[in-house]
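>>> Sequence below, structure please.
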Amino acid sequence: MKRKNDRGFPDRQAIVAFIKANPGKVGTREIAREFGLKNADRVELKRMLRELADDGTIKKKRHKVSEPDALPSTLVADITGRDSDGELIASPTEWDEVESGEPPKIRILMPRRPKPGTVAGVRDRVLLRVEPSNEEGPAYRGHVIKVFDKSKSRILGVFRALPEGGGRLVPVDKKAADRELNIAAADTHGAQDGDLVSVDIVRTRSFGLASGRVKEKLGSVKSEKAISLIAIYAHDIPLQFSPAAMRDAEAAEPANLKGREDWRDVPLVTIDPPDAKDHDDAVHAEPDPDPNNKGGFIVNVAIADVSFYVRPGTALDRDALDRGNSVYFPDRVVPMLPERISNNLCSLVPGEPRGALAVRMVLGPDGRKRSHSFHRILMRSAAKLSYAQAQAAIDGRPDDTTGPLLDPILRPLYAAYACAKRARDERDPLNLDLPERKILLKSDGTVDRVVVPERLDAHKLIEEFMILANVAAAEMLEKKSLPLIYRVHDEPTLEKVHALSEFLETLDVPFTKSGALRPTLFNRVLAQLEGHDYYPLVSEVVLRAQAQAEYSSENYGHFGLNLRRYAHFTSPIRRYADLVVHRALVRALGLGEGALPDSETPESLGEVAAHISVTERRAMKAERETVDRLIAHHLADRIGASFQGRVSGVTRAGLFVKLSETGADGLIPIRSLGTEYFNYDEGRHALVGTRSGTMYQLGDVVDVRLIEAAPIAGALRFELLGSASETTPRSRRQGPQRRPSFKAHPGRSPERKRKPEKSKSGKAKKGKNKGKTKGKKGKAW
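Below is the predicted model:
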């Protein structure tokens, strides 16, 4: 019997019992349905759930509640070993031991006849369907849905030949850069100096180098595009398409008017980076002629119709899902789709008829979207423009291409953007516009220079129109009650918000949270500090407080963009999530071929979402590591040179410094900071000298000397030369650096020493960077 109080409302014990009986599946909607609650009871229910979460009885994440540290029903896990019965044991891949202690164990249940692609072993990464276990041993049991990465039993590295025969392996892993392997002459497998090879460890020793045997030659790092090759193999990024997928691509025919509206006379234009190879979005805007919407605009966004060519279940589809997304390196692109699809049939090049899925949006004079409609069209791009080219025309410097487009196309686009910006400013999304560096290469694949492209209104125009189109897609699919993959971004955890508040308190910066958590709270802090010495420091800490955006078949909103619903629709050439959304729209609106199959459910799309979230992080990591290797190679002949940089990370191991010139990151080991002992102050993101009180803090400007560069691993090591400005280093004796003009806690000493917080295990907590990077267009939201 359901226990209720005198007012007919369920008591705490009843709600907790229901949550425990339905792990990972319960939200306010499910609780209200179970206990027959009305809409008027929702406020009381949310209050009770908040109290249960605050006292640790339940854990609230996104729009679901569960027992503390309960696992979701579908997750990515790493198989770590076997139990005494020989069964595989796994742990969640993403688990914060600081907040939640030791990760729970999952016993893998293997069927007698496993499906292809589900046979797993120790050290594999897998997608699991998880449920609580009633047996002794691990608290959970899981079934393998898919194996992501095969066992890392081999080491990847560069072979360096020795004069006497044989050679050494220089590992590509930055953490193992100083642990070379000895390769005997008989075990080289014909490897030449500079070859990228995979090696099996054949013998380890207590002293001296371990020995290995070359198993596979993958290419030479002496050739062009070799640096990205390291990351491609290190992260198992598929480089070649299957023969069947290539046959599908070659057999594809250009789209025609069959089943499409004719939009070839609509002057849509593409605006992209100057070096873009694929053009998957085009835009057009005009004032709305409706007298009831005076001052409003009609905005058309056309996206390449990839779903027409990549049908569900085909070889092309399987290869695209395996990749999940395109990967962009400075020296090459590893595309999600073959070039015949991505750079030809689906690229919206000028003058050529191309199939597209378009959304027509009506904006009111206040910038808010009043209505939208989707159309399957045949279009013809009127022009291919770069961001700088479009901006120059608006700024009074048109060229031969943009001159004729200025009045009929570009001015209406910018006027529509100015209109849309009113609604964006009112929505007030998270304003973390951090600089994005771009590496320019020479013809031989080495670094020429590093630049920071100017952020233009042309960038913001395209970004805002893409966001509007993405929102329209999510709204349409929800209206049609079709399953979809959302782009979601959780709000910061209470622990991170509390840590940020404490950190800002040490700087005497006010941070008052009242009511629901919104991006405006962080924007207010950043706006108050703009122009102050602390601005880069606080921007970095605010960034690290944020969660990481991901894909999910369940919607819990997008905190960074301050949107209730959001999906990726605008880049199906390079993101599988967008392709799924296109298929869902084709099915929902009856637009013809290439629709989402009826067999797709929220559960099956949840598995796809988990997979492509992993491939997205894989791509980000591979891209970042390649940039590190290119910069380390670029700086290898500048050992001993001095640079200015900013402290980008503080750990117990030392200070990470990002160079102002190139954006390269390197480590100053803590042992090289001086003769005194330095304590790690997590709350202030600082190392503090126990004797002098000298403090090195996140965001400090420092002068460093380059001591060592390891190009293969992408690692740099610096030594500190001294302060580069009056702000660093700081000492309690010297007094703090210049502070903002306001003070929230005038009586507090900013240099008060705080002990690091303790976790449940008694160990000091470690910080964790879950920042975001920018993609091809705008932020990776």
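
>>> Quick check: beta-bridge partners of residue 168?
Assessed by DSSP bridges, residue 168 has beta-bridge partners residue 160, residue 182.

>>> before we move on, what about residue 198?
Taking DSSP bridges as the rule, residue 198 bridges to residue 156, residue 216.

>>> Could you measure from it over to residue 191?
Computed as C-beta to C-beta, to the nearest Å, the residue 198 to residue 191 distance reads 10 Å. No exception for glycine: its C-beta is placed from N, CA and C like everyone else's.

>>> What of residue 287?
In terms of C-beta to C-beta, residue 287 sits 66 Å off from residue 191.

>>> Settle it for me: which of the two has more neighbours?
A direct count of neighbours by other C-beta atoms under 10 Å for residue 287 and residue 191 places residue 191 higher, at 24 against 15.

>>> Based on its surroundings, how many neighbours for the residue lying closest to that one once chain neighbours are set aside?
In this structure, residue 191 finds its nearest non-sequential neighbour in residue 159, 4.3 Å apart by C-beta to C-beta, 6 or more residues apart in numbering. Neighbour count for residue 159, taken as other C-beta under 10 Å: 26.

>>> Over to the one 4 residues further on?
A count of nearby residues for residue 163, using other C-beta under 10 Å, gives 6.

>>> quick revisit: mind listing the shared neighbours of residue 198 and residue 191?
residue 214 (C-beta atoms under 8 Å, 6 or more residues apart in numbering).

>>> my guess is the residue nearest to residue 191 contacts residue 189, does it?
No. Residue 159 is beyond contact range of residue 189, at 9.3 Å (criterion: C-beta atoms under 8 Å).

>>> Now list whatever residues contact both of those two.
Each of 197, 214 lies in contact with both residue 159 and residue 189 under the rule C-beta under 8 Å, 6+ apart.

>>> quick one, what contacts residue 422?
Here residue 422 is in contact with 366, 367 (C-beta under 8 Å, 6+ apart).

>>> Now find how far off-centre the helix or strand hosting it is within its chain.
Using DSSP states H and E, residue 422 maps to helix 411-427. How far helix 411-427 lies from its chain's middle: 27 Å, per C-alpha atoms, centre = their mean, to the nearest Å.

>>> Could you give me the buried positions within it?
By neighbour count on 16 or more other C-beta atoms under 10 Å, the buried set for helix 411-427 is 412, 413, 414, 416, 417, 419, 420, 423, 424.

>>> Check the secondary structure at residue 355 for me.
With DSSP: H, G, I helix; E, B strand; the rest coil as the basis, residue 355 sits in strand.

>>> quick one: it and residue 312, what's the gap?
In terms of C-beta to C-beta, residue 355 sits 17 Å off from residue 312.

>>> Which of these two has more residues huddled nearby?
residue 355 (26 against 17).

>>> The closest residue to the more buried one other than its chain neighbours in helix, strand or coil?
Distances taken as C-beta to C-beta, 6+ apart put residue 255 closest to residue 355, at 2.9 Å, once the chain neighbours are dropped. Look at residue 255: counting by three-state DSSP, its state is coil.

>>> okay, now residue 255: neighbour count?
Residue 255: 22 surrounding residues under other C-beta under 10 Å.

>>> quick one: it and residue 660, what's the gap?
Distance of residue 255 to residue 660, given as C-beta to C-beta: 48 Å.

>>> same check, this time on residue 593
Counting by C-beta to C-beta - residue 593 and residue 660 are separated by 53 Å.

>>> what's the answer for residue 425, then?
Distance, residue 425 to residue 660, using C-beta to C-beta: 31 Å.

>>> likewise residue 484?
In terms of C-beta to C-beta, residue 484 sits 43 Å off from residue 660.

>>> The helix or strand of the chain with the lowest mean pLDDT: what's the following helix or strand?
Using mean pLDDT, DSSP states H and E, the weakest-scoring helix or strand in the chain turns out to be helix 97-100, at a mean of 56. With elements assigned by DSSP H and E, the helix or strand that comes after helix 97-100 is strand 106-108.
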